[in-house]
Every structure is written in C-alpha cells, then in structure tokens.
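>>> build the 3D model from these lines:
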Amino acid sequence: MTGCDHQTARLPEAPATRQLNDAAELFRAMGDPERLRLLAMLEGGERCVGELVGEQDKLSTVSARLQALYRARLLHRRREARHIYYRLADAHVAGLLKNALEHAAEHRAPPPQSEEDPLDELPETPPSRS
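Numbering: from 1, shown residues only. Next up is the predicted model:
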C-alpha cells in the first residue's frame, strides 16, 4: 500500500536538491562538539586562531577545525600580518548555534510521557528471522 487514505493539508513543496545538499553540509560541519565549541567561542566576536587554542589543543588541530567551518561557509576569515582572524559568517550562523544548543538543553531530560499517547500502545515488532 502506498500513501495514506485520509485527508490532510497539502504538504509544502520540498526545497531544491541543491539547497538540501548545502544544508546537509552545514550540519555535517557543525556535527562535531569541538567545532561547535569554536563556533560558540566566536559568538562573542572575531578571534585570532591562537586565542581559540585551549590547553589540551594543538594549533594544527584547531586550524583544521576552523578550516572545515570556513569551507562550509559558517565562518569568515581575514589575515593581518602573520595572524588569521575568524568570525561567524552572519546572524544566521549565530541563530543556528543558539537554537541547536537550546534544543539540546531542552532534550537532556527524558521526553514527557502522555497518558494518551497511542504510540505507547503499539506492540513491539518481533525480530526478523532472515
């Protein structure tokens, strides 16, 4: 059986494949806790690479992480003499980061259980014997 037999509101048109691919690339770049930490550090403004290196980090590792974020168009950079400075690309990046961190904080607790949740009543699917 394909589709559903009940009436629902019309689905919105899906974004173009290119747009979906570009968005997926953003999420891949943000999908590492250490790269997210760097983005959060840059929320306060532009920083030199050396300022972003923590006690447990190597400069080369931090540089590689920043490069990945830059290639994903999440950061802008500029060179001043021997120093490279990074900043968030725009307000969209700050919003994405803020929303992701807030969403993660909300979901640290187990999901609320509703007494009327019909999905809780579904039987477990038996294991496949293939």
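
>>> show me what the biggest helix by length in the chain is packed up against.
When the chain is parsed with DSSP state H, its longest helix is helix 91-106. Helices and strands touching helix 91-106, by 3 or more Cβ pairs under 8 Å, 6 or more residues apart in numbering; DSSP states H and E, are helix 17-30, helix 33-42. The C-beta positions use only the backbone N, C-alpha and C, and glycine is treated the same way.

>>> give me the buried positions along the shortest one.
Yep, that's helix 33-42 we're talking about. Neighbour counts using 16 or more other Cβ atoms under 10 Å place R35, L36, L38, L39, L42 of helix 33-42 among the buried residues.

>>> what's the following helix or strand after that helix?
With elements assigned by DSSP states H and E, the helix or strand that comes after helix 33-42 is strand 47-48.

>>> listing partners with orientation, what would you give for that following strand?
The strands beside strand 47-48 in its sheet (DSSP bridges) come out as strand 83-88 (antiparallel).

>>> could you check how far the nearest residue to H83 once chain neighbours are set aside is from A91?
Distances taken as Cβ to Cβ, 6 or more residues apart in numbering place C48 nearest to H83, at 4.9 Å, with adjacent residues excluded. Taking Cβ to Cβ, to the nearest Å as the measure, C48 falls 22 Å from A91.
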